[in-house]
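>>> Okay, here's the prediction I keep looking at, along with the sequence it came from:
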Amino acid sequence: MTEKNWDRVPIDAQSIDAPLSRAAVFLVVTVDNGQAALANICSALDGLDDIVKTVGFRDLSAKLSCIVGIGRGLWDRLHVERRPQELKPFSPIQGPVHTAPATPGDLLFHIRSERTDLCFEFERILLDALGPHVSVVDEVSGFRYFDARDLLGFVDGTANPTGLDLPASALVGHEDAQFAGGSYVVVQKYLHDLGAWAQTPTPVQEEIIGRTKIDNIEIDDDAAPRKSHKSLATIVDADGNEHDILRDNMPFGRPGQREFGTYFIGYSRYLWVIEKMLQRMYLGDPPGAYDRLLDFSTPHTGTTFFAPARPTLQALVQTAQAQLAAHPSDATPR
């Protein structure tokens, strides 16, 4: 057989470049202090592949996968020698009108599948494995909406890198060789004011987003005094090189609670790219001309993680377990 049969092989954990899915769960937890908590977390992370296989084997075509991201605070508590070069806590942004808040988070689990029930079952077993030493600070179940649209009615993720551009944009490379293949991850939970958005004429909506609503054609606003969301989210460095990020955003909502939102999750080779994108959105370019989409979409969370490549994650867990065994009295937060 010359080609892999992906209908018979489940996607491994830490598959950052896996195809976009129909369903997802975004789970953010904090980890209690002390050796017992760290030891239990390491055990759960060590068994992550087994949980993927246990649940995913029921329907391999559903392509269950899970990416785990580690926050700066927990990374330091694991007492490993090195950490990714750019890893740091999410920095809140105070704009002239809107604010991007920073919220707690030690671990992110991005669970993806073509089936909602597999995401549910995986999360249930995972939380049992994590045990009483974690606190859930955010839990969102996302779904693919029509033809990859958000709840505002626009196609989301059109600018995602594809082909060879995907790993070059989303995965750390030679610049931080020890963590090559991993990715910086930033998450934000946005809630939309759909009532106010519905009262906004479609041409104005298109001007705000930077694309036409029906056929998703990009609108050129280079000469406009106020840039669209699309333009503000496009990052170009001093040498004129454009830097993409991989977005796996998903709509979520509870109509009975009048809750409608988009869960933003961005994977990037360089953390500064996502940080610059958010600064442009909230502070404006030129200064003060912030992203008008924020008038209708309010962020309620903001957390930064690093998702190591699978071999790196395994080595990290093994090192942490050895440190905990050798120095039990040192297994306290730094």
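Yep, it's here. Please read all numbers here as calculations on a predicted model, not as lab measurements. Numbering: from 1, shown residues only.
>>> Remind me what the helix or strand harbouring residue 273 packs against, helices and strands.
Here residue 273, judged by DSSP states H and E, is contained in helix 271-283. Under the contact definition 3 or more Cβ pairs under 8 Å, 6 or more residues apart in numbering; DSSP states H and E, helix 271-283 sits against strand 93-94, strand 99-100, strand 183-192, helix 229-232, strand 235-236, strand 259-268. Quick note: C-beta positions are derived from backbone N, CA and C, even for glycine.
>>> buried set for that helix?
By neighbour count on 16 or more other Cβ atoms under 10 Å, the buried set for helix 271-283 is 271, 273-283.
>>> and it with strand 259-268, angle?
Computed by axes from the mean of the first three to the mean of the last three Cα atoms, to 10 degrees, the angle separating helix 271-283 from strand 259-268 equals 140 degrees.
>>> I'd like the next helix or strand past helix 271-283.
strand 297-299.
>>> quick one: contacts of that next one?
Applying Cβ atoms under 8 Å, 6 or more residues apart in numbering, the external contacts of strand 297-299 come out as 98-101, 152, 188-193, 261-262.
>>> Now list the buried members of the residues you listed.
Taking 16+ other Cβ under 10 Å as the criterion, what is buried in those is 98, 100, 152, 188-192, 261-262.
>>> Among those residues, which pair sits farthest apart?
Farthest apart among those by Cβ to Cβ are 100 and 152. That separation is 18.6 Å.
>>> For the residue lying closest to residue 159 once chain neighbours are set aside, give me its contacts.
Excluding the flanking residues, the one nearest residue 159 by Cβ to Cβ, 6 or more residues apart in numbering is residue 244, at 6.7 Å. By Cβ under 8 Å, 6+ apart, the contact set of residue 244 is 159-161, 165, 169.
>>> For the closest residue to residue 129 other than its chain neighbours, give its distance to residue 37.
Distances taken as Cβ to Cβ, 6+ apart put residue 44 closest to residue 129, at 4.2 Å, once the chain neighbours are dropped. Distance of residue 44 to residue 37, given as Cβ to Cβ, to the nearest Å: 11 Å.
>>> on that earlier part again, isn't the residue nearest to residue 129 right up against residue 128?
No. Using Cβ atoms under 8 Å as the test, residue 44 is too far from residue 128 to be in contact (9.2 Å).
>>> the more surrounded of these two?
residue 44 (21 against 10; other Cβ atoms under 10 Å).
>>> Go ahead and list the helix or strand containing the more buried one.
helix 35-46.
>>> Tell me the helices and strands packed up against that helix.
Other helices and strands packing on helix 35-46, by 3+ Cβ pairs under 8 Å, 6+ apart, are strand 23-31, helix 116-130, helix 310-326.
>>> The ones you listed into CSV, with extra columns for distance to residue 198 and mean pLDDT?
Output for the helices and strands packed on helix 35-46, formatted as CSV (distance: least, Cβ to Cβ, whole Å; pLDDT from 0 to 100):
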stretch, distance to residue 198, mean pLDDT
strand 23-31, 26, 98
helix 116-130, 27, 97
helix 310-326, 44, 91
